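Colleague: Build the 3D model from these lines:
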Amino acid sequence: MPGKTPGNPGNPGKTSATCAALVASLAASLLGAATGPAVAAADPPEPPQHIAGELIRGGADGRPHEVFCPAMQHVYSGGFEITAARGNRLAPEPTDVLVDRSNDNASGWIVAVHKDQFRRQHETGPADLTVHLVCSDDTMSHGA
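Modeller: Okay, the predicted model is just below:
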C-alpha cells in the first residue's frame, strides 16, 4: 500500500524486508569505509612499553634522576633498581627513598634514593641506579 511506512503493523512483510535491506546496506557501507582508501583509519594505540634508563654509576646519591618517555607518550608507572658495581656489595642499611613518582606533566619518572655500597678497602659510596618506567600513548589517567 502506498501510504505505509516501515514499522507499520499493517504491513509487516515490508518492514522486515526494509530492515534487512537497511542492515545489509549499512554493513556494506561500513565494510567499504573500513577497507576503502578514501578513509584513513586511526592506528590502534601501542601497548605500554617498558623503558630502562641507562645505568647511573653512583646514582643512589639522594639527588633526583629523571628518565623520559618517547615523544607523544606519557608515563604509566615507574620504579628503580639499585645495584653494586662489580667487586662491590650493597651496604646492609635500608634504601632511603626520597622521590619515586611521575614528573609534573607525566612525561617521565623521577627517582631520588640513597643507598651506599662497600667499595674495596671498606670505603663506602653511593650504589648504582637504574630508573625504570612504563610508557603508553593511551589516554592519561586523572592522577598522572
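
Colleague: Now do the helices in the chain.
Modeller: 12-35 (DSSP state H).

Colleague: Just give the number of residues close to the closest residue in space to Gly87 that isn't next to it in sequence.
Modeller: In this structure, Gly87 finds its nearest non-sequential neighbour in Arg120, 6.7 Å apart by CB to CB, 6 or more residues apart in numbering. To be clear about C-beta, it is placed using only N, CA and C from the backbone, and glycine gets the same treatment. Applying other CB atoms under 10 Å, we find 7 residues neighbouring Arg120.

Colleague: What pLDDT is listed against Arg120?
Modeller: At Arg120, the pLDDT value in this model is 75.

Colleague: Give me the distance between it and Pro126.
Modeller: 15 Å (CB to CB, to the nearest Å).

Colleague: Likewise for His114?
Modeller: For His114, the distance to Pro126 - CB to CB - is 7 Å.

Colleague: Compare these two (neighbour count), which wins?
Modeller: The residue with more neighbours, out of His114 and Pro126, is Pro126; 20 against 17, by other CB under 10 Å.
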